[in-house]
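>>> coordinates for the following, if possible.
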Amino acid sequence: MENISLNFKRLCQDDYSPEQLFKPSTYDWPGDWEGRALLAFMCHYEINGSEVPGLHTFFSMIPERVNQYGYFGVPFDGATVDEQQFSGHNWYLRGLLKYARAFDSKIATELAKSTVENLYLPAISWYSHYPLERGEKGGDVSGSVTGVQNGWKLSSDIGCAFMCVDGLAHYYKETGDERVKNFLDEVIKLFVSVDLLKYNLQTHTTLTCLRGILTLYQSTGEKRYLDIVKDKFTYYTKHGMTLTYENFNWFGREDTWTEPCAVVDSFILATELYKVTKDAEYKTLSRRIWWCGMQFCQRENGGAGPNTCVKIGQPVLKISMYEAPFCCTMRYAEGLLEYANNSELFVWDGTKEMSVDELGRRFIDDKLIVSIRDKQMPIFSLNTVSMEEALAVEVKIF
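Numbering: from 1, shown residues only. Predicted coordinates:
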């Protein structure tokens, strides 16, 4: 499948060679780039056994680059929690767990255990005073440190401290460590209480957290987790999703940009919720996210990048940033793994009659009908056109 092969080729390029993946100690997101890369490489391995050429070399270099506790950045000192470090290590933990399972790696298992024991578990009590009230709210495609409050080193990616629910839920699924489940329950209790719109939480971190809670449901069968996911995901579709099934980067900030990382999260959630509940509405949503959101996020070079936020009064879809190689290109791989594992759900029937929804959006099957230079057509994959053409494309949905 073209999306998969293009993304794999992109990850084989020099930007993702072992020498380029490790970031200096001054990098604001310890473990984030390294973790996203390892997870992306392992997703492609799970899709069809393809190994990015530097995979094992990269992994062999990790023990030399981490601190004495097996993770990246400054060791937790009991005085300050870095939420960007917590966030970045979500991907690192996910990648380690996949590598350990695929290659029976005791080193990966020990690195994962050490990260949980020394980074996350000592900080469980800190979530009781996680700051939700923030000062000036800015931020770019790549979040940045905004200051220290209540002992938390905070990020413009508001709420990214909740990102680790994903990795820790997978760790609990693998190990059954009840201390981790207790940690998760404390973090989830706070997350559920947060007014996402009032505090402008980043949609990506919200959706990643929900994926972790859904993983907890799948491993425990406790319905309360499923209820949380269904409730918060519905809230996201009403307040955080654009009219082209992408996302607003933050709740309540609709004049920003979309983020493929979040589109991937929403795609995985919709697909897995359909499999769990058999509710056809999730299937429709999953298909529309795939055809309208995921397809317009990928570029000809195999990477992925943000687009404009389409909403009532702003019907134009175009590129906001050609590629975000530091995050979206790598996160796209997990979306491709979800597609590959459920490809039978994504067969498009172009012979169906056109339908119109309550907002006036037109569809053939689950592809939006769009207008480009006054020509009507089903929405297309942006990876089919050159960079120059893609940067000039303006699509209207009304």
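
>>> can you tell me the SS state at residue 131?
coil (DSSP: H, G, I helix; E, B strand; the rest coil).

>>> how many neighbours does it have?
For residue 131, the tally of surrounding residues (other CB atoms under 10 Å) stands at 17. Bear in mind the C-beta positions are built from the backbone N, C-alpha and C, glycine included.

>>> also residue 374?
Based on other CB under 10 Å, the number of other residues close to residue 374 is 6.

>>> so what does it look like in phi/psi?
Phi and psi for residue 374, reported as degrees, to the nearest 10, are phi 70, psi 10.

>>> can you give me the strands for the stretch 1-150 of the chain?
Assigned by DSSP state E, counting those that start in this stretch, the stretch 1-150 of the chain shows strands spanning 81-82, 145-149.

>>> ranking those strands by mean pLDDT, which is last?
Of all the strands of the stretch 1-150 of the chain, the minimum mean pLDDT falls on strand 145-149 (a mean of 93).

>>> what's it packed up against?
Helices and strands touching strand 145-149, by 3 or more CB pairs under 8 Å, 6 or more residues apart in numbering; DSSP states H and E, are strand 152-155.

>>> what packs against the next helix or strand after the strand it packs on?
Later in the chain than strand 152-155, the nearest helix or strand by DSSP states H and E is helix 164-175. Judged by 3+ CB pairs under 8 Å, 6+ apart, helix 164-175 is in contact with helix 83-103, helix 178-193, helix 203-220.

>>> contacts made by helix 164-175 with the rest, please.
Contact with helix 164-175 is made by 86-87, 89-94, 97, 101, 112-113, 116, 120, 177, 180-181, 183-184, 187-188, 191, 208-209, 211-213, 215-216, 218-219, as judged by CB atoms under 8 Å, 6 or more residues apart in numbering.

>>> now do the residue most central in space within the chain against residue 107, distance only.
Per CA atoms, centre = their mean, the C-alpha nearest to the average position across the chain is that of residue 261, at 3.7 Å. Per CB to CB, to the nearest Å, residue 261 is found 28 Å from residue 107.

>>> cool, and residue 228?
Relative to residue 107, residue 228 is positioned 35 Å away (CB to CB).

>>> what about the two, which has more around it?
Between residue 228 and residue 107, counted using other CB under 10 Å, the more crowded position is residue 228 (19 against 16).

>>> the more buried one - that's part of a helix, no?
Yes: assessed with three-state DSSP, residue 228 lies in a helix.

>>> excluding chain neighbours, what is closest to it?
Spatial nearest neighbour of residue 228, excluding adjacent residues (CB to CB, 6 or more residues apart in numbering): residue 213 at 5.5 Å.

>>> for the residue nearest to the centre of the chain, which non-adjacent residue is spatially closest?
residue 331 (4.2 Å).

>>> residues contacting the one you found?
36, 40, 260, 261, 264, 304.

>>> for it, give me the pLDDT.
pLDDT, residue 331: 98.

>>> still on that earlier bit, can you tell me the element the residue nearest to the centre of the chain falls in?
If you go by DSSP H and E, residue 261 is part of helix 260-277.

>>> what's the burial count for residue 240?
A count of neighbours around residue 240, defined by other CB under 10 Å, yields 27.

>>> what do you get for residue 308?
The number of residues packed near residue 308 is 21, by other CB under 10 Å.

>>> could you do the one 5 residues further on as well?
Residues within reach of residue 313, counting by other CB under 10 Å, total 6.

>>> if I look at residue 243, how far off is residue 103?
To residue 103, residue 243 is 43 Å away according to CB to CB.

>>> should've said residue 47
Relative to residue 103, residue 47 is positioned 16 Å away (CB to CB).

>>> what does residue 134 give?
Distance, residue 134 to residue 103, by CB to CB: 42 Å.

>>> before we move on, what about residue 51?
Counting by CB to CB, the gap from residue 51 to residue 103 is 10 Å.

>>> then residue 182?
The gap separating residue 182 from residue 103 is 30 Å, by CB to CB.

>>> list the residues that contact residue 253.
137, 200.

>>> bridging residues for it?
residue 250 (DSSP bridges).

>>> output the helices and strands packed on helix 164-175 as CSV; include the columns mean neighbour count, distance to residue 343 and mean pLDDT.
Listed next are the helices and strands packed on helix 164-175 as CSV, based on neighbours: other CB atoms under 10 Å; distance: least, CB to CB, whole Å; pLDDT from 0 to 100:
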stretch, mean neighbour count, distance to residue 343, mean pLDDT
helix 83-103, 25, 20, 98
helix 178-193, 16, 31, 98
helix 203-220, 24, 20, 98
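
>>> what would those helices look like in JSON lines with distance to residue 158?
Shown next, in JSON lines, are those (distance: least, CB to CB, whole Å):
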{"stretch": "helix 83-103", "distance to residue 158": "9"}
{"stretch": "helix 178-193", "distance to residue 158": "13"}
{"stretch": "helix 203-220", "distance to residue 158": "8"}
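
>>> so which of those helices is nearest residue 130?
Closest approach to residue 130 among the helices and strands packed on helix 164-175 is made by helix 178-193 (6.4 Å; CB to CB).

>>> what number of residues lie near residue 15?
15.

>>> mind checking how far the closest residue to it other than its chain neighbours is from residue 33?
Excluding the flanking residues, the one nearest residue 15 by CB to CB, 6+ apart is residue 325, at 5.6 Å. Using CB to CB, residue 325 is found at 9 Å from residue 33.
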